[in-house]
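> Sequence plus the predicted model coming up.
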Amino acid sequence: MTDLPSTNKMSTTSLGSESSTDGTASSSPLVSVIMPVYNVAPYLPTALNCLVNQTYTNLQILCIDDGSTDASATILDQYAKQDPRISVFHTENQGVALARNLGMQHVEGEYICFVDPDDQWDLTLIEHMVFAAEQHYDDVVFASTKTAPVNDAIQRFYIEAPQPTKQLTYTPFNSNDEFRAAWKHIKSKFSTAAVWGKLFRTDFIRAFQPEFPHEVQTGTDTIFTLHAYTRLQRASYIAESTYYYTPRSNGICARYDNQFIQERFYIYYQAFQYLSSWNPEFSSEYAASSCVAIYRLFREQSVRRVPWNTQLQCMKSILRTAKWKILLTHAQPQTISQTIQIAILRTKYIPLIFAASYAQYFKGALTILKQ
């Protein structure tokens with residue numbers, strides 16, 4: 001377990017009657033689970049099985065079919081017929097942000113949990129998160145997260161139903177100051193930027209009425225979660241249950257076109273703005289990691305042999321903006337690798353942009369002279 005500041009102490013508590021090991025206690029609060037779905041038919045049954053077989057049974061499962069063109073809609077309808085806890089909403093394709101926002105409009109539970117349809121999670125995940133939240137009256141509960149080594153051949157593993165857990169360890173944060181102080185220690189292990197793998201108290205979410213920004217198609221949960229973190233007063237993390245994130249080579253986060261890179265830059269800058277006011281000690285480190293992420297996206301375009309004119313257009317749209325200059329100014333590299341990559345951004349790409357611009361100018365001048 002990651003070491004935390006001395007202000008936080010580990011608590012070990014037996015599972016009590018308020019949240020029994022089979023999730024059937026009459027006092028168990030309702031949990032609304034929101035799952036956006038778009039063309040994930042090969043993965044969807046596993047994700048739905050992970051939900052309907054949870055040891056915590058008092059669930060409202062909201063599945064938003066975002067205009068799928070494969071068998072996803074059919075699979076959702078089949079599961080909904082078999083399990084009355086599942087509600088399916090079929091919409092036109094509008095993106096994951098609007099799908100999640102639609103799900104939040106139908107929430108009836110005391111807690112909200114987001115899951116992705118191509119991921120997996122332990123069958124005790126919701127039980128453990130609810131137990132921690134009820135014991136500590138948390139605004140947010142974090143579960144540990146891991147990346148599942150799964151490829152598009154769907155070489156997936158099945159998580160067997162575990163034996164009931166007799167004890168649960170969780171680490172509480174009793175104020176936003178405590179949580180902010182521990183941020184650097186927990187951000188990697190608990191995938192703090194992602195909305196999945198967490199339990200949110202519904203009253204807490206509705207108090208500041210956040211929505212997922214729909215202006216972009218990727219990274220929208222980063223803004224949602226940071227908005228929540230700046231306002232939470234109590235939180236916990238647990239280690240017994242795990243959420244397994246599944247990267248896919250053909251997923252939305254695997255794109256390298258100009259729109260995707262510009263959207264990522266938008267999210268990075270917005271997140272930097274949040275961190276600058278809420279956690280300024282970390283904002284400079286985040287600025288550096290954001291610059292490096294942009295560098296790697298540019299480099300990936302070159303590796304994938306994206307046409308040079310397309311690359312140049314993307315570089316200009318980002319590296320000539322005031323927002324980029326702000327990120328670059330505040331960036332404080334944490335490693336030698338980051339230092340080198342940010343130096344390359346300063347000395348390689350920007351000169352190339354101006355060189356290409358002058359080349360176009362001289363090419364135009366030569367054309368005129370030949371006439």
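Everything's here; your move. Quick caveat, the model's predicted, so the values are computed rather than measured.
> Need the nearest residue in space to Asn174, chain neighbours excluded.
Here the nearest residue to Asn174 in space, its sequence neighbours aside, is Arg234; by Cβ to Cβ, 6 or more residues apart in numbering that works out to 6.3 Å. The C-beta positions use only the backbone N, C-alpha and C, and glycine is treated the same way.
> Might you report the residue contacts of that neighbour?
Shown in contact with Arg234 (Cβ atoms under 8 Å, 6 or more residues apart in numbering): 136-139, 172-175.
> Repeat the analysis, applying 10 Å as the threshold.
133, 136-141, 172-176, 178-179, 201, 204 (Cβ atoms under 10 Å, 6 or more residues apart in numbering).
> Just the ones in strands from the residues you listed, please.
Secondary structure from DSSP state E places 140-141, 172-173, 201 of the contacts of Arg234 in strands.
> Output the below-cut-off pLDDT ranges for the chain.
Segments of the chain classed as low confidence (criterion: pLDDT under 70) are 1-26, 149-167, 188, 248-256, 303, 348-371.
> Direction included, what does the longest strand along it pair up with?
Determined from DSSP E, the single longest strand within the chain is strand 235-245. In its sheet, strand 235-245 lies beside strand 120-121 (antiparallel), strand 140-147 (parallel), strand 167-173 (antiparallel), with partners assigned from DSSP bridges.
> Dump those into TSV; add distance to Tyr268 and mean neighbour count as well.
Formatted as TSV, the strands paired with strand 235-245 follow (distance: least, Cβ to Cβ, whole Å; neighbours: other Cβ atoms under 10 Å):
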stretch	distance to Tyr268	mean neighbour count
strand 120-121	27	24
strand 140-147	21	21
strand 167-173	26	20
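> Make JSON lines out of these and add distance to Gln270.
JSON lines is the format used below for the strands paired with strand 235-245 (distance: least, Cβ to Cβ, whole Å):
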{"stretch": "strand 120-121", "distance to Gln270": "28"}
{"stretch": "strand 140-147", "distance to Gln270": "20"}
{"stretch": "strand 167-173", "distance to Gln270": "24"}
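> Go through these and name the closest to Lys189.
Nearest to Lys189 among the strands paired with strand 235-245 is strand 140-147; the distance by Cβ to Cβ comes to 6.2 Å.
> Okay, strands next: where are they in the chain?
Listed in chain order, the strands of the chain (DSSP E) span residues 11-14, 31-37, 59-66, 86-91, 111-114, 120-121, 140-147, 167-173, 198-201, 235-245.
> Select, out of these, the one closest to Arg305.
Nearest of these to Arg305, taken as Cβ to Cβ: strand 140-147 at 27.4 Å.
> got the CA positions of that closest one in CSV?
In CSV, the C-alpha atoms belonging to strand 140-147 read as follows (Å, rounded to 0.1, in the frame of the first residue of the first chain):
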residue,chain,number,x,y,z
VAL,A,140,-16.1,9.9,-2.9
VAL,A,141,-14.7,6.4,-2.4
PHE,A,142,-11.8,5.2,-4.6
ALA,A,143,-11.1,1.6,-5.5
SER,A,144,-7.7,0.4,-6.6
THR,A,145,-7.4,0.2,-10.4
LYS,A,146,-5.3,-1.9,-12.7
THR,A,147,-4.8,-2.2,-16.4
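> So what's the gap between that strand and the chain middle?
Using Cα atoms, centre = their mean, to the nearest Å, we find the averaged C-alpha position of strand 140-147 to lie 11 Å away from the chain's own average C-alpha position.
> What of stretch 203-221?
12 Å.
> What residues of stretch 205-224 count as buried?
For stretch 205-224, the neighbour count (16 or more other Cβ atoms under 10 Å) marks 205, 210, 212-213, 216-224 as buried.
> With stretch 292-312 instead?
When burial is assessed from 16+ other Cβ under 10 Å, stretch 292-312 yields the following buried residues: 292-295, 297-298, 301, 306, 311-312.
> which of these lies closest to Ile61?
Relative to Ile61, the closest of these is Ala293; by Cβ to Cβ it sits at 33.6 Å.
> Does the closest one touch Arg264 like I think?
Yes. Look at Ala293 against Arg264 with Cβ atoms under 10 Å: they come within range, at 6.9 Å.
> that older thread, tell me which of the strands paired with strand 235-245 lies nearest to Leu44.
Leu44 lies closest to strand 120-121 among these, at 11.5 Å (Cβ to Cβ).
> Take the strands of the chain and lay them out in CSV including distance to Leu98.
As requested, the strands of the chain are arranged in CSV below (distance: least, Cβ to Cβ, whole Å):
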stretch, distance to Leu98
strand 11-14, 39
strand 31-37, 9
strand 59-66, 8
strand 86-91, 8
strand 111-114, 14
strand 120-121, 24
strand 140-147, 23
strand 167-173, 32
strand 198-201, 19
strand 235-245, 22
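> Of all these, which one comes closest to His128?
strand 235-245 (4.5 Å).
> Please compute how far the closest one lies from its chain's middle.
Worked out by Cα atoms, centre = their mean, strand 235-245 lies 14 Å from the chain centre.
> count of residues packed around the closest residue to Asn93 other than its chain neighbours?
What sits nearest to Asn93 in space, not counting adjacent residues and going by Cβ to Cβ, 6+ apart, is Gly67, at 3.1 Å. Counted by other Cβ atoms under 10 Å, the residues lying close to Gly67 total 17.
> Domain boundaries for this protein, per the record?
Split into domains by automatic domain parsing, the chain comes to 11-252, 255-370.
> ok now do the closest residue to Cys113 other than its chain neighbours, which residues does it touch?
Here the nearest residue to Cys113 in space, its sequence neighbours aside, is Val33; by Cβ to Cβ, 6+ apart that works out to 4.8 Å. By Cβ under 10 Å, 6+ apart, the residues touching Val33 are 51, 54, 59-63, 85-86, 103, 107, 109, 111-115, 126, 199.
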